[in-house]
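Novice: only the shape, not the letters, is given here:
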Ligand SMILES: C[S@@+](CC[C@H](N)C(=O)[O-])C[C@H]1O[C@@H](n2cnc3c(N)ncnc32)[C@H](O)[C@@H]1O
């Protein structure tokens, strides 16, 4: 089963596959149960300062793992913007939220260089297991800055394979990972101040250390 999941899911695995949209909601639930054992959602919620009424963006939402969890935290007075560039995946997220009775999610079909979040309305944005896939990080980060309220927070969650530490950015990206140093450099260029680097944050599917960078 683990092999199957590794082959099917693209998230936080060494075997980076595109995420299929023709997957059952039961399979998504099974994967997320396993993810819940490893990931520390309460830590992310605390880092992002999420509370009832918060407005949060999930850039590259995939199957909506974070969007579903954050929707519960921000509650009916809050809002989650679940963004994807892959329309069938976004439809899958809509389907899952409907099945789960989640009503406080907005679905955004973005482009590779602009998530399309509304300007100046977000308290926080998460970019998890997506940053290493972004081809134009400067444009995406500029769009995220525009979307955040003053003082709003950005959390980048990604991973670096232990053997990849000395490789160039492009070599790392080709191998579907990226070092936190490159991310921090690009955040700084986009006008973000790094507040915290937590490395490791949690183990990925196959034990690859995941880190997070919190910025304002
Ligand atoms: C490995 S999945 C991670 C999904 C989700 N964030 C999670 O942690 O479960 C990466 C997702 O990022 C999306 N993606 C890739 N480039 C993107 C971009 N420039 N903007 C938004 N999403 C992007 C892909 O379509 C894919 O669904």
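Specialist: Yes, it's here. Just so it is clear, the model here is predicted, and its values are computed rather than measured. Residues are numbered from 1 along each chain as shown.
Novice: show me the strands in the chain, by range?
Specialist: 55-59, 79-84, 105-109, 122-128, 148-159, 194-203, 209-215 (DSSP state E).
Novice: next to the ligand, which bits of the protein? Give me the list.
Specialist: With the criterion set to CB under 6 Å from any ligand atom, the chain comes near the ligand through 10-11, 19, 59-62, 65, 84-86, 89, 110, 112, 115, 128-130, 133-134, 140. C-betas here are computed from N, CA, C, even on glycine.
Novice: from these, which would you call buried?
Specialist: For those, a burial check counting by 16 or more other CB atoms under 10 Å picks out 10-11, 19, 59-62, 65, 84-86, 89, 110, 115, 128-130, 133-134, 140.
Novice: so which of the residues you listed sit within helices?
Specialist: Judged by DSSP state H, helices contain the following of those: 65, 89, 140.
Novice: look up how far residue 40 lies from the residue in the chain that the ligand sits nearest to.
Specialist: In the chain, no residue comes nearer to the ligand than residue 62, which is 2.5 Å away by CB to the nearest ligand atom. Plainly put, residue 62 is 18 Å away from residue 40 if you go by CB to CB, to the nearest Å.
Novice: where's the residue lying closest to residue 89 once chain neighbours are set aside relative to residue 96, distance?
Specialist: Spatially, and ignoring its direct neighbours in sequence, residue 89 is nearest to residue 21 (5.1 Å; CB to CB, 6 or more residues apart in numbering). Taking CB to CB as the measure, residue 21 falls 11 Å from residue 96.
Novice: okay, these two: which has more neighbours?
Specialist: Taking neighbours as other CB atoms under 10 Å, residue 21 and residue 96 compare with residue 96 leading, 20 against 16.
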